[in-house]
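Colleague: Pasting the sequence and the predicted model now:
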Amino acid sequence: MLKVNHLSLTFPGEREGLRAVEDLTFELREQEFVCVLGPSGSGKSTLVRVLAGLLRPTSGSVHFAPLRGEGRPPRVGVVFQQANLMPWRTVVENITLPLELQGVPLEAARQQAAEMVELIGLQGFEDTWPRDLSGGMAQRVALARALVQDPDLLLLDEPFGALDALTRERMGGELLRLWQARQKTVLMVTHSISEALLLSDRVLVLTARPGRLALDLTVNLPRPRDEEMRYTAPFGELARRLRAAIV
Ligand SMILES: Nc1ncnc2c1ncn2[C@@H]1O[C@H](COP(=O)(O)OP(=O)(O)OP(=O)(O)O)[C@@H](O)[C@H]1O
């Protein structure tokens, strides 16, 4: 559904500027779950921002496949490490926001948001203010806000990076459930090798700056996957290969 071709991005600066990503070429297939790993500063967030249309590549291109029979541009949903909820809007009002911006009538927007609230398991918290949510709950709302637009591509930039380890594990499981229920194409940045292996069909590893593609690894572990899988030999072997590729 998406082709990235010889993508490079250099941030302007002194002399030749700062090369963040260089010559990235890869494809995402529809409904694929792909994780991106790499050392700090390898351009993972830069890649997400280019795919989200927030940054323009210096060279190379990003092509979305034409959507079947629909004459509209692809929709991309993004979730960052911080939920960035609007503090003056309740949970449900945060989720309806993208629909309101698209001009969806409020009643229809509220109905779609109610479905999302159920999907993310926050029933009873519809009218709660962001300041009263835990970190995990706020990230669930951010996910719901991204999913309510029914995006063709969901981009997740370390969405659980600010959460404690147990909440993070639980959120990973929930994300898998959402992905299976909604059949989205997902590209997710993470620092966790085991999170990447438990969730994804493929893992892309970027080199230290400038980020080039060091490895494109197919994760052939059976699904459904659970935490127990971490202790199996095939999991250990894939983890070892990823670890060796991250330098
Ligand atoms: N707006 C910007 N202007 C100039 N340089 C930038 C800008 N944004 C990012 N960079 C630089 O580009 C490089 C890649 O940054 P990026 O945030 O994409 O890396 P990352 O792999 O996501 O890092 P981390 O794992 O630490 O989040 C870094 O050296 C960063 O300092």
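Modeller: Arrived safely.

Colleague: From now on I want contacts and neighbour counts done on CA atoms only, so please keep to that.
Modeller: Fine.

Colleague: Report how many residues lie close to the residue nearest to W129 when sequence neighbours are not counted.
Modeller: Distance criterion Cα to Cα, 6 or more residues apart in numbering; nearest residue to W129, sequence neighbours excluded, is T90 at 4.6 Å. Residue neighbour count, defined by other Cα atoms under 10 Å, stands at 19 for T90.

Colleague: Over to L176?
Modeller: 19.

Colleague: and what of Q111?
Modeller: Neighbour count of Q111, defined by other Cα under 10 Å: 13.

Colleague: again, but for M188
Modeller: Neighbour number of M188 under other Cα under 10 Å is 25.

Colleague: so how far is the ligand from the residue nearest to W129?
Modeller: 29 Å (Cα to the nearest ligand atom, to the nearest Å).

Colleague: Also L163?
Modeller: Look at L163 and the ligand: by Cα to the nearest ligand atom, they are 15 Å apart.

Colleague: What's the separation between that residue and L215?
Modeller: Distance of L163 to L215, computed by Cα to Cα, to the nearest Å: 27 Å.

Colleague: picking up where we left off before, so the residue nearest to W129 sits against D127, correct?
Modeller: Yes - using Cα atoms under 8 Å, T90 is in contact with D127, at 5.2 Å.

Colleague: how's the protein carved up into domains?
Modeller: 1-67+152-163+171-247, 82-151 (automatic domain parsing).

Colleague: Make JSON lines from the ones you listed and add mean pLDDT to it.
Modeller: Output for these, formatted as JSON lines (pLDDT from 0 to 100):
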{"stretch": "domain 1-67+152-163+171-247", "mean pLDDT": "94"}
{"stretch": "domain 82-151", "mean pLDDT": "95"}
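
Colleague: Export those to TSV and append columns for distance to V76.
Modeller: Below are the domains of the chain laid out as TSV (distance: least, Cα to Cα, whole Å):
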stretch	distance to V76
domain 1-67+152-163+171-247	5
domain 82-151	5
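
Colleague: of those domains, which approaches P73 most closely?
Modeller: Nearest to P73, of all these, is domain 1-67+152-163+171-247, at 7.9 Å by Cα to Cα.

Colleague: host element of C35?
Modeller: strand 33-37 (DSSP states H and E).

Colleague: who's in contact with the longest helix seen in the chain?
Modeller: Criterion DSSP state H: the longest helix present in the chain is helix 165-182. Here helix 165-182 makes contact (Cα atoms under 8 Å, 6 or more residues apart in numbering) with 119-120, 136, 160-161, 195, 199, 226.

Colleague: same thing with stretch 144-151?
Modeller: For stretch 144-151, contacts defined as Cα under 8 Å, 6+ apart pick out 74-79, 94-99, 112-113, 116-117, 120, 154, 184.

Colleague: and those residues, which of them are in helices?
Modeller: 94-99, 112-113, 116-117.

Colleague: hang on, the earlier thing: joint contacts of T90 and D127?
Modeller: Here T90 and D127 have no joint contacts, going by Cα under 8 Å, 6+ apart.
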